[in-house]
Structure formats: structure tokens, C-alpha cells
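Engineer: quick check, what structure comes out for this input:
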Amino acid sequence: MTRITEVPRGPAARLAALCLLAVPVLLLLMDIPRMVAERTGALTFGFEDTGGDNFTAATTSIQGHTAIFGVATVLTLLTAFVAAPAVVLGWRMAKDGAPVLAGIAAFAGVCFVLGRAIHASIYFGLHLFLLDNVEVGEAARLMEQLQLHWAMLLVLVPTIIGLSLWLPLLAGSLYRARMIPLWALLCVIGAMAVLVVLGSSFMTTPIFAGLFIAGLWPAAALVLRNGSGEPAGEAAPAVAAV
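Structural biologist: Numbers count the residues shown, from 1 in each chain. Predicted coordinates:
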């Protein structure tokens, strides 16, 4: 495959490639303890798909599993730090072959990083703080009201944009730059379709995480092979593309 952009080299690029693969792994590892602690239905983009008594039941369950929920909190924040170099790597790999799309994907990637940090704070962290300081019913009532407040919805915008758009846009830009094959792009789109339609659950989370890893693997492998001295393919002159 003749590539439009030269494959990044060096230790920093190889580390970023590993971070790119680690993002869906961390999404999986974060979501499992979150669901164990809540014992509820799926989440879609950080919003509980049930409310009222079910929301109270989830908060009550979290109270009995604060250590597990704390693990999910740490992993959510860790995902933000791990995703940051992956965002930069994705832009570097696609910027010549698909400059506009690469820029939009980078913006969505920044939203993903911010969104993971925000989610760790206002959902996971705030839940734990309230459970340490008020009665469980009051904590559930406050959390439910906070999620519906306009200011809270405003700060959740980066979470929604980043989680729903970054990886599909990244895969699209990498495909346009001839860094990944069509099947890899379809894997990422399929993973996002599972997340959007079915949300995250014990059944769907491993499926969409696996599809994300499969779709991102060709790009990461290119960088890792390139750094080890193996040929990564011929780079063609830059051609402006969307």
C-alpha cells in the first residue's frame, strides 16, 4: 500500500502506538468494575438509561462497592492520560493524506481526553464524595438532579463528542491517508454502532472493545514495525484530501 504520509518513527511514536491500543482496553477495564458496582443496565455516553428507583438502586449498590467503583474512577482518569499521545499520533499519521479530517479527528480526540477527565470527576468522583458525606437516598437524588442541570449537561458535551466521534473520525482519516485497510475502518464503525445502539453492558462492552482494538491494530502495527527497522511501506507525495 502506497501511503501519503510518512509513518512516524522513534520511541515516542512507539509509545503513542501502544497508547492507541490501550485506549479500548482501558474502556473495557473501566466499564466492567463500573457495572459490577452499579448492578444496573447499560450506560450510553455516560448517561444512565434508567432513572428514579433504578438510579437509587444503583447508588445504593455503589455504596456497598465503593472500592470497585474507585477502581473504575482511577481507570477512567488513566484513560484520559493514555489517550493524549494517541490523539497526537493519529493526527501525525493522517495530517498529509487527509488534513481536514485529521484536524477534526484531533479536535474530537481532545474532547475525548477532556471528557474522560470530566466523567471521572462529575460522575465517578462526585458519586463517591456524596456517599461519604450524605445519606444514600440524598446522594442518589442529588446525582440524578445534577445530571439534568443545564450546566452539568454543558460540561458533558466533550464527553459525548469525544466518545462518539474520536475513534470513527480517526479511523476515517487514517483510511484516507492509506494507513489502515477498509476492513479496519469497518471494525471501528461497527464498534461504534454497537456502543450507540446497545450501550455498554457485560455482553456488548467486550464486543465493541475488541472491534476497536482490531480496527486500530493496523495503524499501531505500522508504527511499531517502523520503529523496529522493518519496512513500513512507501510514502507517496502529500496529496490534499478531506
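
Engineer: from residue 114, how far off is the most centrally placed residue in the chain?
Structural biologist: Note on the chain: the residue nearest the mean C-alpha position is residue 163, at 5.1 Å, using Cα atoms, centre = their mean. Distance, residue 163 to residue 114, using Cβ to Cβ, to the nearest Å: 11 Å. Every residue, glycine included, has its C-beta placed from N, CA and C.

Engineer: cool, and residue 101?
Structural biologist: Residue 101 sits 20 Å away from residue 114, going by Cβ to Cβ.

Engineer: higher neighbour count, these two?
Structural biologist: Each of residue 101 and residue 114 has its neighbours counted (other Cβ atoms under 10 Å); residue 101 has more, 21 against 18.

Engineer: for burial, what's the neighbour tally of the residue lying closest to the more buried one once chain neighbours are set aside?
Structural biologist: The shortest distance from residue 101 to any non-neighbouring residue, by Cβ to Cβ, 6 or more residues apart in numbering, is to residue 173 (4.2 Å). Residues near residue 173, counting by other Cβ under 10 Å, number 29.

Engineer: isn't residue 173 right up against residue 105?
Structural biologist: Yes: applying Cβ atoms under 8 Å as the test, residue 173 and residue 105 come out as touching, 4.8 Å apart.

Engineer: lowest-confidence helix or strand of the chain?
Structural biologist: Each helix and strand of the chain was given a mean pLDDT (mean pLDDT, DSSP states H and E); the minimum falls on strand 47-48 at a mean of 45.

Engineer: next helix or strand past that one?
Structural biologist: helix 53-63 (DSSP states H and E).

Engineer: tell me the mean pLDDT for that next one?
Structural biologist: For helix 53-63, mean pLDDT rounds to 80.

Engineer: mind checking how far the closest residue to residue 39 other than its chain neighbours is from residue 120?
Structural biologist: Excluding its sequence neighbours, the residue lying closest to residue 39 (Cβ to Cβ, 6+ apart) is residue 61, at 4.4 Å. To residue 120, residue 61 is 19 Å away according to Cβ to Cβ.

Engineer: cool, and residue 201?
Structural biologist: 21 Å.

Engineer: now do residue 128
Structural biologist: Taken as Cβ to Cβ, the span from residue 128 to residue 120 is 10 Å.

Engineer: residue 15 too?
Structural biologist: Taken as Cβ to Cβ, the span from residue 15 to residue 120 is 22 Å.

Engineer: the two: who's more crowded?
Structural biologist: Just comparing residue 15 and residue 120: by other Cβ under 10 Å the higher neighbour count belongs to residue 120, 21 against 15.

Engineer: dump the residue contacts of that one.
Structural biologist: With contacts defined as Cβ atoms under 8 Å, 6 or more residues apart in numbering, residue 120 is in contact with 73, 76-77, 80.

Engineer: and the two most separated of these?
Structural biologist: With Cβ to Cβ as the measure, no two of the contacts of residue 120 lie farther apart than 73 and 80, at 11.7 Å.

Engineer: more neighbours, these two?
Structural biologist: Neighbours per residue (other Cβ under 10 Å) separate residue 73 from residue 80, with residue 73 holding more: 23 against 20.

Engineer: what's around the nearest residue to that one once chain neighbours are set aside, how many residues?
Structural biologist: In space, and not counting its chain neighbours, residue 73 is closest to residue 124: 3.8 Å by Cβ to Cβ, 6+ apart. Neighbourhood size, residue 124 [other Cβ under 10 Å]: 23.

Engineer: as a check, name the ranges of all helices in the chain.
Structural biologist: Using DSSP state H, the helices of the chain run over residues 11-38, 53-63, 66-94, 99-119, 126-133, 136-148, 150-155, 157-176, 182-198, 204-227.
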